[in-house]
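Visitor: No sequence on hand, only this structure:
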C-alpha cells in the first residue's frame, strides 16, 4: 500500500487555492496570454488526450510510435493550412520561442555550410518578436533591427533591401507582428530574399492559425515562393494547451540543419529535431486531438467568431474620443494609442486607460514606447488579443472600455523622467546605476524594485504588482534598456526563489 506524505485531496485543494490568485484563463476577462475558444468540451478533450500519453517520452518516436503518428498528422494539417506542398516539412516544438530559435539555427547552419564566415546577421523589422533577439544571442548572430513606420508599424521593403549582404543568414517578417498586428510586406521581402538566396522566415506564431482562415489578405504563407520557413503556435489560435507550436520549412536540406545529432559519446545515438531531448507528449496529443475534433471547418468558425469580436472592439475604440487604433491591423489582435489629433484635455493615455480597465476587472496589456535607431518614436500602446469567447462578453466589455477612458481622459501621461528622479531619491547612491553606469548586483536590483513598488524583497519574500502599472511602464521608457532588463531579471528570479 502506498503511503503519501500528504493526502492527495489536500494537495489538490492547495493547488486550487493557488489557482484562485491567477488571472482567469477562461471567460474573456484577460485579453492577452490566454486563448479561450469558449468550448469547455474542447478543454476536456485536450486534457483526456494529454493524460493518455502522460508517461510517454517524445524523445524517441521510433520507440513511442504514437508520437510519430500524431506529429505527422499535426504537421500535415499545418502544411495544408499554410499552402505548403510536398517539399514543406516540419516539426512540432514546445512553443513559439523554440520554433523561432530553430528557424534561426537552421538558417545559420545553412549559411555556414554555404561558406559563410565571421558573424552572420539576422535582418528583421524591430517589431519582430523578441524571440528572434534571443535566438540571435544564443546562436551568435547579430540582430539587425530595421525601423518601422511609427504610425502604421510597417517596415519599408527598401529599408530591408539596404541591409542585405553576404553575411545575412536569414530575414524575418511577421504575420502579423505582435506589437501592432501589422502584416509585414511579405511578398516584397520574400522576393528580395529569393533574389539573393537568403532564407525568409514568416513568424506567424501569434496569428497564423487565425489568418489561415481569414479571407481578403495578401499572400503571406507558403503561397509566396520566397518564403522558406514559417512558425505558428497551436497553443494560441490552435486552442491547444501550452506549449505546442509548429515549425514548417520548405526543403528537406534546409530543415535538416535544424537537427542536432551526435554519436560521439558511449551512450545511445542522440538525434534531436528540437532544443529539448526528453519532452512530454501531452501538448502534442492535445493539439492532435483538437485538430481532429475541429478540422478546417471548426477552425474557420472559431476564426470568424474572433474576427467579429475584433471588429466590434476596434469600432468601439475608434469611437472613444482620445484613443486610436494603430495602423491597419490584421487578425484578432490590435494596439491602441493616444489620438493626438484632439486637444490635450481630450486625449486618453493608453497606459492610464489599461490601469482603469484593470480596476474594473479586465486585463489588457501595456506596451512601452520605443525610440528606434533612426530616432523615430514608436508610441506607447495598449495591446488587445481577442479570442472567440470575447464575442460572448462584448455587452459587458464595451461599456468598461468606454467608461475607463472617460475616467482618465485629459490625465497627462506619466512623466518617466519624474518617476526616475523620484526613484533616485528613494534609493540614494543609485543615480549612477540608474543612468546605466556599472554592474547591478542582486541586492541593489532588489532594493530598486522595492522602491518602484514591485516588492521584490531581499529576503526572498516576493511581492505583487502595484495597483497601477502606468508609472512602471513610464520608468521602463525612461531607464536605459540594460538597467530595465536587469531589474526585470531580478523581479522574475525572486518571484520563484524558495521562501
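Guide: Thanks, I have the structure now. Because the structure is predicted, anything quoted here is derived from the model rather than measured. Numbers count the residues shown, from 1 in each chain.
Visitor: Quick one: the helices in the stretch 51-200 of the chain, in order.
Guide: Along the stretch 51-200 of the chain, the segments classed as helices by DSSP state H, counting those that start in this stretch run 65-81, 96-113, 131-139, 157-163, 186-196.
Visitor: between those helices, which gets nearest to residue 439?
Guide: For residue 439, the closest of these is helix 131-139, at 18.4 Å, according to CB to CB. Every residue, glycine included, has its C-beta placed from N, CA and C.
Visitor: May I see the buried residues of that closest one?
Guide: The neighbour-count check on helix 131-139 (16 or more other CB atoms under 10 Å) flags 131-133, 135-136, 139 as buried.
Visitor: just the residues you listed now: which is nearest residue 418?
Guide: residue 133 (29.7 Å).
Visitor: looking at it, the closest one is touching residue 144, isn't it?
Guide: No - in this structure residue 133 lies outside contact range of residue 144 using CB atoms under 8 Å: 10.7 Å.
Visitor: so what pLDDT did residue 462 get?
Guide: At residue 462, the model reports a pLDDT of 45.
Visitor: Deepest-packed of the helices of the stretch 51-200 of the chain, please.
Guide: The highest mean neighbour count among the helices of the stretch 51-200 of the chain, using mean count of other CB atoms under 10 Å, belongs to helix 96-113: a mean of 24.
Visitor: now the angle from that helix to helix 131-139?
Guide: Helix 96-113 and helix 131-139 are oriented at 50 degrees to each other (axes from the mean of the first three to the mean of the last three CA atoms, to 10 degrees).
Visitor: Output the contacting helices and strands for helix 96-113.
Guide: strand 88-93, helix 131-139, strand 168-174, strand 200-203, strand 229-233, strand 245-250, helix 252-256 (3 or more CB pairs under 8 Å, 6 or more residues apart in numbering; DSSP states H and E).
Visitor: Nearest approach to residue 298 belongs to which of these?
Guide: Taking these one by one with CB to CB, strand 229-233 is closest: 16.7 Å.
Visitor: before we move on, the earlier item: can you lay out the helices and strands packed on helix 96-113 as JSON lines showing mean pLDDT?
Guide: Below are these laid out as JSON lines (pLDDT from 0 to 100):
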{"stretch": "strand 88-93", "mean pLDDT": "98"}
{"stretch": "helix 131-139", "mean pLDDT": "98"}
{"stretch": "strand 168-174", "mean pLDDT": "98"}
{"stretch": "strand 200-203", "mean pLDDT": "98"}
{"stretch": "strand 229-233", "mean pLDDT": "98"}
{"stretch": "strand 245-250", "mean pLDDT": "98"}
{"stretch": "helix 252-256", "mean pLDDT": "97"}
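Visitor: Out of those, the one nearest residue 479 is which?
Guide: The nearest among these, by CB to CB, is helix 131-139 at 18.1 Å.
Visitor: which secondary structure elements does the closest one contact?
Guide: helix 96-113, strand 121-125, strand 142-146.
Visitor: what distance separates that helix from the middle of the whole chain?
Guide: 14 Å (CA atoms, centre = their mean, to the nearest Å).
Visitor: Same question for stretch 294-308.
Guide: 21 Å.
Visitor: Report the mean per-residue pLDDT for that stretch.
Guide: For stretch 294-308, the per-residue pLDDT averages 97.
Visitor: is it true that residue 258 lies in a helix?
Guide: No - applying DSSP: H, G, I helix; E, B strand; the rest coil, one finds residue 258 to be coil, outside a helix.
Visitor: separation between the closest residue in space to it that isn't next to it in sequence and residue 71?
Guide: The shortest distance from residue 258 to any non-neighbouring residue, by CB to CB, 6 or more residues apart in numbering, is to residue 106 (4.1 Å). Residue 106 is 17 Å from residue 71, where distance means CB to CB, to the nearest Å.
Visitor: now swap in residue 383 and tell me
Guide: Residue 383 is 32 Å from residue 71, by CB to CB.
Visitor: One more: residue 105?
Guide: Taking CB to CB, one finds residue 105 at 19 Å from residue 71.
Visitor: now, which of the buried residues of helix 131-139 sits nearest residue 306?
Guide: The nearest one, if we look at those relative to residue 306 and count by CB to CB, is residue 131, at 22.9 Å.
Visitor: Report the beta-bridge partner residues of the closest residue in space to residue 99 that isn't next to it in sequence.
Guide: Excluding its sequence neighbours, the residue lying closest to residue 99 (CB to CB, 6+ apart) is residue 231, at 3.7 Å. Per DSSP bridges, the residues bridged to residue 231 are residue 203, residue 247.
Visitor: ok, residue 231 - contacts?
Guide: By CB atoms under 8 Å, 6 or more residues apart in numbering, the contact set of residue 231 is 96, 99-100, 103, 201-205, 208, 245-248.
Visitor: how does it look with 7 Å?
Guide: 96, 99-100, 103, 203-205, 245, 247 (CB atoms under 7 Å, 6 or more residues apart in numbering).
Visitor: same check, this time on residue 285
Guide: 49-50, 52-53, 70.
Visitor: which stretch of helix or strand covers it?
Guide: Using DSSP states H and E, residue 285 sits in helix 282-318.
Visitor: now that helix against strand 245-250, angle please.
Guide: 90 degrees.
Visitor: got the angle between helix 282-318 and strand 88-93?
Guide: 100 degrees.
Visitor: Now helix 282-318: buried residues?
Guide: Buried, per 16+ other CB under 10 Å, within helix 282-318: 282-291, 294, 298-299, 302-310, 312-314, 316-317.
Visitor: just the contacts of residue 231 now: which is nearest residue 497?
Guide: Scanning those for proximity to residue 497, where the rule is CB to CB, the winner is residue 96, at 27.1 Å.
Visitor: Counting by contacts, list what the helix or strand of the chain with the lowest mean pLDDT packs against.
Guide: Least confident helix or strand of the chain, by mean pLDDT, DSSP states H and E, is helix 431-434 with a mean of 71. Judged by 3 or more CB pairs under 7 Å, 6 or more residues apart in numbering; DSSP states H and E, helix 431-434 is in contact with helix 416-426.
Visitor: Report the mean confidence score over the helix it packs on.
Guide: Helix 416-426 comes out at a mean pLDDT of 78.
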